[in-house]
Structure formats: structure tokens, C-alpha cells
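*Asks:* No letters, just coordinates:
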């Protein structure tokens, strides 16, 4: 009976241990699976085929260059629409599209009979102002001699002021139309008025022809000063604190193989675009002699020169893009948690056991276990680039002195894609 009780107790104990082991394995499974995500195991033959190369992760002195993109733009004051102040028929077009013009240069002549009436009105206003001034002088002289009437002097004064105001108003209208008031006073009237360029720049499209009737809402042509171009650059928020007014910028047209154009940061917009997570930085182009064929709207890439600093940096080809995120491959422990590179024999208790374990360790030397090496992906953010090196900021700690894959990363990334983002 006593032996029977001992047997029952042993059976219950064994069952409890088995249940506990199963629960422990089930609880550990999700964590183990999470560990295996974005990892790859490579055979010795595969490593030789792809010429896989590694290097220690270390800091490097980087010449700060923040890489950005954007578009070329013009400030409103550097582009102008040319419209007539009064309606008229286009009689002469003096320029062609693409031509360089200076501020004040005549672009078009407009003809309108109303300008003859305006010139006549001005000539009449000049005569009236002259007569009113003469009458005022006569009344003033009579008043000094005591022969005049004060009421007449007041009236002459008012009429002289009104006549002069009328003359001045019509004179300003003539000047706005680029008609010489002095010529009109001498009786030299014109039938056509010139439209002049408000700024210096190049002529854009001319949507009118000779003989077209143009009113004040009609666009005659556009002028834009492409030598005043600036680059509207989009800087990601992680790099904004490294950008400052006055820094030099090297700009390259995205779709043209031209050399870099020099620019300078002149303004940083203090607002963040919630969609792109970028801030707008304006860079004024100072290398204007190389901007003859550069126009607003062109896409550009640029490098903003910032101060040098020490940072983690690796060759650019060591960074891979996986589903829109950036990763590097790091030699790591295998899927069972063994670090073959530093594995030691802690179970050998005799010389035969030590020899066997030593043989296994030699076989797994430099990360090889039964001819295989295990690599894990670490997500990183990238920063400045210089001399084919790129700054990285790991999003999770990387073991000190870790070996980074710097050659063959494309092959490893393809293995991840082939095996559903992990390979065991």
C-alpha cells in the first residue's frame, strides 16, 4: 500500500513538470518568434559566392552635409504681369519670348482715342491753372493797395487751388501712361502709348497679337527675373536643428546633369508640415552666371553644408531599404541564442569532452555553426553623407564592437524577401 502511494505521487509530479514545461515553451514562443523576425542565416558557400564582407561599427568624423530636395521659385517682386492701364488696340510688339529686358524698357504700344481726349483735357487744365493764378495775383495786388474786395480775393484763391489740383491730377495720369506732360503743353499729342517693363528679366509667353484689343484685365506678357531664383528646400525634422541661416548650399538640378550651383540659406520657416514632417528652408542662389537656362518650378536636390561632428557611420551600401524602412545587417547570436563567435565549452568535465567541444568550437569559428552564420537586422535612421559613408542612428541598441555587413547586403535583403522577412 505504501509503495502504491509513492507511485501515484511520482506520477502526479511528472505530469505537473510536463505541464509546466509545455506552458513555459508556449510562453516563450512569441518572444522567440519576435526575435527571429528580420534575420537571416547564411551558409559558408553562400558567403563565399556573394563575397560577404563585414567591418566593425565605429564612429567617424563626418563633414556635415544634410541632403534635401525641393523646387526653384521666385519671390512675387521678381515676376510681373504686364497689363494696360486703359483699353486699346495692340499696334506694335517690341520684344520676343525669351528676350532679356531691363526695367523701363518699352514692350508694346497700345492705341486708343481716349488718350487724345486726356491730353486735350490736360492742355485745357494747364491754361485754366495759368489764368486762375494770374487772377489771384491781380486780386492780391489790389488788396495790398486797398482797392480790392476781400471776398474777391478769397474766391480767386479757391479757384486757383482747384485749377492747380486739376492740372496735377491729369499730369499724373499722363505720367502713368508714359506720356510726356511737357510735350502735351507744347501741343505735341500722341496716339499710341507704350507699355514698359516694371522689372528687369526675361520675357515669357506673349498671348496677344498685333491688332488684339486689350483691356486692363488682358495679360499682355509676363516678365520674370530668373537671376533672383531661390530654392525652396524640404528639411526633415530630425535635421532641422543642424541647419542655420548663412550656411552654404550646393544645388543640383534633379533632371539635368549640371554641376552644383552655389546658394546660401537665407530663411527657415518656423512651421512643420504635418504630412511630410519637413520644414521649408529658403536658399538664395548666388551663382547666377550658371542660371541662364534655369526657370522656376524645376526640381532640385541639394546638400546643406553643416559643421563636422563625430557619429556612427558606415559605407552607404551597408544600408538596405526593406518595406520603406532602413536596416543594417549585424552578426548576431543564432536563433537558439548561441553566439558561435564566443561560444565556450562549459559542459566538458574531462579531457575527452573538452576535445570534442573544442572541435565543435573550431568548426563554428567566426560565427559558423555547422557551416552557417546568423545575421540580424537593426532598423536605423540615416543622416548626412560624405565620401560614400552615411551617418546612422540605430533605433535599438547594437552590441558594442559588433560586426556590420558592408558587402553583400543586397543579397541578404533578397533572402529576407524570399523567406517572408526571415530565414531560419
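*Replies:* Arrived safely. Predicted model, so just to flag it, every value in this text is computed and none were measured.

*Asks:* quick check, residue 194 in a helix?
*Replies:* No - read with DSSP: H, G, I helix; E, B strand; the rest coil, residue 194 is strand and lies in no helix.

*Asks:* okay but it is in contact with residue 108, surely?
*Replies:* Yes - judged on Cβ atoms under 8 Å, residue 194 makes contact with residue 108 at a distance of 7.3 Å. Every C-beta, even on glycine, is put in place using the N, C-alpha and C of the backbone.

*Asks:* between these two, which one's more packed in?
*Replies:* residue 108 (25 against 17; other Cβ atoms under 10 Å).

*Asks:* Report the secondary structure element holding that one.
*Replies:* strand 106-111 (DSSP states H and E).

*Asks:* Quickly run through the sheet partners of that strand, with directions.
*Replies:* strand 88-93 (antiparallel), strand 192-196 (antiparallel) (DSSP bridges).

*Asks:* avg pLDDT for the first one?
*Replies:* With pLDDT averaged residue by residue, strand 88-93 scores 95.

*Asks:* tell me which strands and helices the helix or strand that comes right after it is in contact with?
*Replies:* As assigned by DSSP H and E, the chain's next helix or strand after strand 88-93 is strand 100-101. Applying 3 or more Cβ pairs under 8 Å, 6 or more residues apart in numbering; DSSP states H and E, we find strand 100-101 packed against strand 201-203.

*Asks:* Residues touching the strand it packs on, excluding its own?
*Replies:* If you take Cβ atoms under 8 Å, 6 or more residues apart in numbering as the criterion, strand 201-203 is touched by 78-80, 95-101, 107, 221-227.

*Asks:* Indicate each strand paired with the helix or strand following that strand and its parallel or antiparallel sense.
*Replies:* Per DSSP H and E, the first helix or strand lying C-terminal to strand 201-203 is strand 213-214. Strand 213-214 pairs in its sheet with strand 88-93 (antiparallel), by DSSP bridges.

*Asks:* How far off centre is the strand it pairs with?
*Replies:* Here the centre of strand 88-93 is set off from its chain's centre by 42 Å, with Cα atoms, centre = their mean, to the nearest Å.

*Asks:* Can you give me the buried ones in it?
*Replies:* 88, 90, 91, 93 (16 or more other Cβ atoms under 10 Å).

*Asks:* same thing with stretch 302-314?
*Replies:* 302, 303, 304, 305, 306, 311, 312, 313, 314.

*Asks:* That one: end-to-end distance?
*Replies:* Using Cα to Cα, to the nearest Å, the end-to-end distance of stretch 302-314 comes out at 21 Å.

*Asks:* Do you have the helices of the stretch 51-200 of the chain handy? List them.
*Replies:* 114-144, 150-176, 181-185 (DSSP state H, counting those that start in this stretch).

*Asks:* Can you lay out those helices as a markdown table showing mean neighbour count, distance to residue 241 and mean pLDDT?
*Replies:* Shown next, in a markdown table, are the helices of the stretch 51-200 of the chain (neighbours: other Cβ atoms under 10 Å; distance: least, Cβ to Cβ, whole Å; pLDDT from 0 to 100):
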| stretch | mean neighbour count | distance to residue 241 | mean pLDDT |
| --- | --- | --- | --- |
| helix 114-144 | 16 | 60 | 90 |
| helix 150-176 | 15 | 50 | 90 |
| helix 181-185 | 15 | 59 | 93 |
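
*Asks:* closest one to residue 278 among those helices?
*Replies:* Relative to residue 278, the nearest member of these by Cβ to Cβ is helix 150-176, separated by 44.2 Å.
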